[in-house]
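Here is a sequence together with a model predicted from it:
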Amino acid sequence: MRTDMTITHADKDESGTLNEWPLLPMLAVLGLLVYASLGPGRSAWLADSLAILLAYTLAQAGLCLSQKILWFKHASQRWAILALSVALALFAGLKAEAAFWPTMTTSHASWLLSAIILVFLLATVLPAAIDQEIRHRTQASLAAEASKHKVERQMLEARLAALQGQIEPHFLFNTLANTRALIHQDANQAEQMLNHLIAYLRAAMPDMRLSTTTLGQELDRAAAYLQIFQIRLGARFQFSVQATDEVRACLIPPLAIMSLVENAIKHGIEPQPGEVRIDICARSEAGQLLVTVSDNGRGFQDELGSGVGLLNVQERLLALFGEQAELQLQPGEKNGVCATISLPAKTGKLA
């Protein structure tokens, strides 16, 4: 309850005096009625005041629209709308003066009224616009900081999930137990499994402390992981990894591909009898990096898309790239699930 009250109060402060601007047109109409009722004796100062009031009303309306309409997301757009509003307000004020006081041009200089209206608008509307722009920048900075902290928190969660899931005790115990059994059956295969386990641990442990990784590193880690399962599951399990050198240089959030691979093994491959496979394919199209992990396992299940790993990948993609990135889960061509990550193809360093 307290949080809601605080937010409501902040929203009212953001609007400032703009919340009262709809009253100004009513005041202007009332003033015009009073002015018209004075008859031939109406004075020039009253016409000037009404012209200024009309100009101020229009300028404030333009300021309110520039700040409140969601279309104007950039400061340059808001300032352009405000400048246009001030120019239209000045023109409307002078036209109103000429309409209600035809002898204005002979009674006093029109340029003086123009200067008065312009100075009045700059003295009243400009400070409000600057204040609102400062608020916009502050809010944007706070939002960016919050997004940064969110990404850092999600990265920590992903690393903890990796420690708990990818290198959890039962994975190591099963792998070592299989290795011990293979020693008496096929020493060469047992040595291969140990080599794959060492390669996976060597690739996985350091990258958990990094904020970014290349797709090539992520694919190498996934390949070592899948080679272990290939030996454990035997000839019934096959996999492939396809990516060009150019695509392998692209950056990707760490553990993103591993989350898709783990999801495919847990929900599709291990429960499915018979021959199963996982295919990883990465390509670049129109500036977007597309990484697909497909399997021919059980297909869609109720718990498929509800895992922490997939949700974490979705949130991190949204926080890092916004609408430029997404995670899609679709049925496979024959069976299983096809998971695709789409994000901007970049090299260097992610934000």
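Done, it's in. Numbers count the residues shown, from 1 in each chain.

domain assignment for this structure?
The record assigns the chain these domain ranges, following automatic domain parsing: 2-144, 166-344.

Averaged pLDDT, the longest one. What do you get?
The average of the pLDDT scores along domain 166-344 is 83.

cool, the first one as well?
Within the predicted structure, the mean pLDDT of domain 2-144 is 57.

next helix or strand past the biggest strand by length in the chain?
In the chain, with assignment by DSSP state E, the single longest strand is strand 276-285. If you walk from strand 276-285 toward the C-terminus, the next helix or strand you reach (DSSP states H and E) is strand 288-295.

Using CSV, write out every CA atom in the next helix or strand after that following strand.
Next in sequence after strand 288-295, counting helices and strands by DSSP H and E, comes helix 308-321. Taking C-alpha atoms only, helix 308-321 is exported to CSV below (Å, rounded to 0.1, in the frame of the first residue of the first chain):
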residue,chain,number,x,y,z
VAL,A,308,14.2,-21.6,-14.8
GLY,A,309,16.9,-21.9,-17.5
LEU,A,310,14.6,-21.0,-20.4
LEU,A,311,12.9,-18.2,-18.5
ASN,A,312,16.3,-16.8,-17.6
VAL,A,313,17.4,-16.8,-21.2
GLN,A,314,14.2,-15.0,-22.3
GLU,A,315,14.7,-12.3,-19.6
ARG,A,316,18.3,-11.7,-20.4
LEU,A,317,17.6,-11.4,-24.1
LEU,A,318,14.9,-8.9,-23.4
ALA,A,319,17.1,-6.9,-21.0
LEU,A,320,20.1,-6.8,-23.3
PHE,A,321,18.5,-6.4,-26.7
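
and the longest strand of the chain with strand 288-295, angle?
Note on geometry: by axes from the mean of the first three to the mean of the last three Cα atoms, to 10 degrees, strand 276-285 and strand 288-295 are set 170 degrees apart in direction.

list the buried ones in strand 276-285?
Residues of strand 276-285 classed as buried under the neighbour-count rule (16 or more other Cβ atoms under 10 Å) are 276, 277, 278, 279, 280, 281, 282. From N, CA and C alone the C-beta is placed, and that goes for glycine too.

can you tell me which two in the residues you listed are farthest apart?
The two members of these with the most space between them (Cβ to Cβ) are 276 and 282, at 21.1 Å.

ranges for the strands of this protein?
In the chain, strands defined by DSSP E lie at 213-214, 237-242, 251-252, 276-285, 288-295, 326-331, 337-344, listed in chain order.

Could you pull out the helices in the chain for me?
With DSSP state H applied, the chain shows helices at 2-15, 23-37, 44-68, 75-100, 104-107, 110-165, 169-185, 187-207, 215-233, 245-248, 256-264, 308-321, listed in chain order.

what's the neighbour count on the residue nearest to residue 231 when sequence neighbours are not counted?
Closest residue in space to residue 231, ignoring its immediate chain neighbours: residue 193 at 4.7 Å, by Cβ to Cβ, 6 or more residues apart in numbering. Summarising burial for residue 193: neighbours were counted as other Cβ atoms under 10 Å, giving 22.

The nearest residue to residue 341 once chain neighbours are set aside: neighbouring residues, count only.
With Cβ to Cβ, 6+ apart as the criterion, residue 341 has its nearest non-adjacent residue at 4.7 Å, and that residue is residue 291. As a burial measure, the neighbour count of residue 291 was computed by other Cβ under 10 Å and equals 24.

Cross-check the contact I'm expecting between residue 291 and residue 284.
No - with contact defined as Cβ atoms under 8 Å, residue 291 and residue 284 do not form a contacting pair (10.1 Å).

circling back to that earlier point, just say which of the strands of the chain is most tucked in.
A comparison of these by mean neighbour count, using mean count of other Cβ atoms under 10 Å, puts strand 251-252 on top with a mean of 23.

Just checking: what are the partner strands of that strand?
strand 213-214 (antiparallel) (DSSP bridges).

got the contact list for the strand it pairs with?
Contacts to strand 213-214, defined as Cβ atoms under 8 Å, 6 or more residues apart in numbering, come from residues 207, 248, 249, 250, 251, 252, 253, 254.

what does stretch 325-336 give?
Contacts to stretch 325-336, defined as Cβ under 8 Å, 6+ apart, come from residues 264, 268, 294-300, 304-305, 310, 313-314, 317-318, 337-344.
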